[in-house]
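[1] A predicted structure for the sequence below; I have some questions about it.
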Amino acid sequence: MTAPGASIVDLLLGLQLGPSDKAARDRWSLEGVSWQSGQDGAIEAGVREFEATALRLASGALVLEIGRMAVHGLVGKLQSGAGTPRLSAARALEAELSGVKLQGPLTVPPQFQAAWDALRTPAQGAFAAATPQQAAEAWCLGPLADADGTVSGRITDAHLMFDADVTVPIRQGEIDFNDATVEHVGPDSRMGVSRLGLYVDAPNGRSYLYQFASAPLAGVEFERRGALLSPWVSERGKLHLKTFGEAMLRQCGSSGPSQGLTEQARLLLGRTSLAGEVQLGDGRLAVPGLQAHLDGRGEGGNAVALHADALRQGLTAEIDSLSAHDASATWPGVQLECGRITARIRLQLVAEDSQLRFVLEIEDCKIAAPRLDLHRHGPA
């Protein structure tokens with residue numbers, strides 16, 4: 001039943017629909033179809049089992065491929081406007097996805113940018129002008145508050161630190177630079193954080209890897225020196241990852257040229273390999289227009305494995321057991337929610353021709369109680 005599926009997707013999302021493999025055909029199947037009219041003139045359509053395979057959906061430079069999608073207990077509500085039925089809401093008992101791949105340039109999706117803009121300015125539709133507290137809550141990195149793990153890097157033939165091995169422990173959501181190590185030939189170097197930014201103290205002097213636009217910055221305990229104006233650093237400082245990360249994200253787009261990676265750090269990224277594993281905690285994860293509550297730490301869920309042969313070329317993050325509940329995506333006119341999500345995910349960030357691309361792969365995904373609401377304003 002290719003035509004009805006295509007018309008629904010094109011109607012709702014404005015996407016281009018087709019098979020994921022040009023040599024194959026996308027397939028659709030429906031079982032247990034029901035159809036009834038409501039008192040408000042709306043039509044309620046039900047499908048006991050809906051399945052689709054080998055799908056490809058494109059929107060601009062973004063491409064979504066789905067190997068298999070199965071939806072159980074699907075119910076949709078159709079409203080008649082100007083003689084044309086339009087889907088206004090849909091819900092299901094459960095959805096299953098496998099062989100999912102979403103890829104494209106690493107830019108802010110239009111719907112999320114609209115959500116973020118709506119938080120800052122008056123808007124019609126799904127958003128209204130937000131209070132400063134609501135705007136701040138648009139970014140939330142709750143799972144970082146109790147994160148534990150270790151991230152290690154190796155810098156090959158570094159300019160100041162020949163073949164340096166860097167180890168950064170993460171304990172209870174904090175990076176304590178007193179515990180971070182930078183080992184190489186000769187006297188070892190030390191990492192730390194000052195009011196100017198993140199630095200490395202090598203035998204021949206201090207070099208900054210990342211510079212802050214202003215200080216003090218939330219989530220940072222700056223280095224402290226010894227008594228009586230001693231030049232020696234007694235405490236290297238700490239980063240509280242949740243608070244620090246949220247503060248940095250809120251500054252995105254407003255930072256001047258004084259903040260960011262230094263030129264030396266950019267050179268080092270091309271020579272730095274990275275590996276590590278970070279166990280995320282339970283808590284709310286949110287960006288403008290998208291949020292979920294991660295859970296399952298006690299069972300080892302949401303552990304992130306990191307890998308990069310050279311950071312300048314890209315980074316891979318894998319979660320073998322993603323577990324979350326009460327997830328939602330919101331943008332003007334559309335609200336998507338679900339009760340629970342479990343999946344295996346793999347995210348690649350790839351640098352190509354001075355532009356970052358991402359590839360998100362999802363397997364064994366189960367979504368409980370998905371719900372879709374469409375709120376249109378003005379003429380249909």
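    Now that the structure is in, tell me what you want to look at.
[2] State the distance from Val334 to Lys77.
    The gap separating Val334 from Lys77 is 15 Å, by C-beta to C-beta, to the nearest Å. Placement of C-beta: from N, CA and C, glycine included.
[3] where exactly do the strands run in the stretch 1-150 of the chain?
    Using DSSP state E, counting those that start in this stretch, the strands assigned to the stretch 1-150 of the chain run over residues 16-19, 27-37, 43-59, 62-81, 84-91, 94-105, 140-141, 148-155.
[4] Give me whichever of these is most buried.
    strand 140-141 (a mean of 20; mean count of other C-beta atoms under 10 Å).
[5] That one pairs with which strands?
    With DSSP bridges as the test, strand 140-141 is paired with strand 283-287 (antiparallel).
[6] mind listing what's buried in the partner strand?
    283-286 (16 or more other C-beta atoms under 10 Å).
[7] Ok, stretch 362-380 next?
    Those would be 362, 365, 367, 370, 372-374, for stretch 362-380 by 16+ other C-beta under 10 Å.
[8] Distance-wise, check the closest residue to Gln36 other than its chain neighbours relative to Ala95.
    In space, and not counting its chain neighbours, Gln36 is closest to Glu44: 5.5 Å by C-beta to C-beta, 6 or more residues apart in numbering. Look at Glu44 and Ala95: by C-beta to C-beta, they are 19 Å apart.
[9] for the residue nearest to Gln36, what are its contacts?
    Listed by C-beta atoms under 8 Å, 6 or more residues apart in numbering, the contact set of Glu44 reads 35-38, 75-78.
[10] Quickly list what it is bridged to.
    Counting by DSSP bridges, Glu44 is bridged to Gln36, Lys77.
[11] What's the end-to-end length of stretch 184-202?
    Start and end residues of stretch 184-202 are separated by 10 Å (C-alpha to C-alpha, to the nearest Å).
[12] what's in contact with it?
    Against stretch 184-202 from outside (C-beta under 8 Å, 6+ apart): 158, 160-166, 168, 177, 180-182, 203, 206-212, 215-216, 220-223, 233, 236-239.
[13] try 6 Å this time
    Identification of contacts with stretch 184-202 by C-beta atoms under 6 Å, 6 or more residues apart in numbering yields 160-162, 164, 177, 180, 182, 203, 206-212, 215, 220, 222-223, 236-237.
[14] Could you double-check that Leu372 sits in contact with Leu336?
    Yes. Applying C-beta atoms under 6 Å, one finds Leu372 in contact with Leu336, separated by 5.4 Å.
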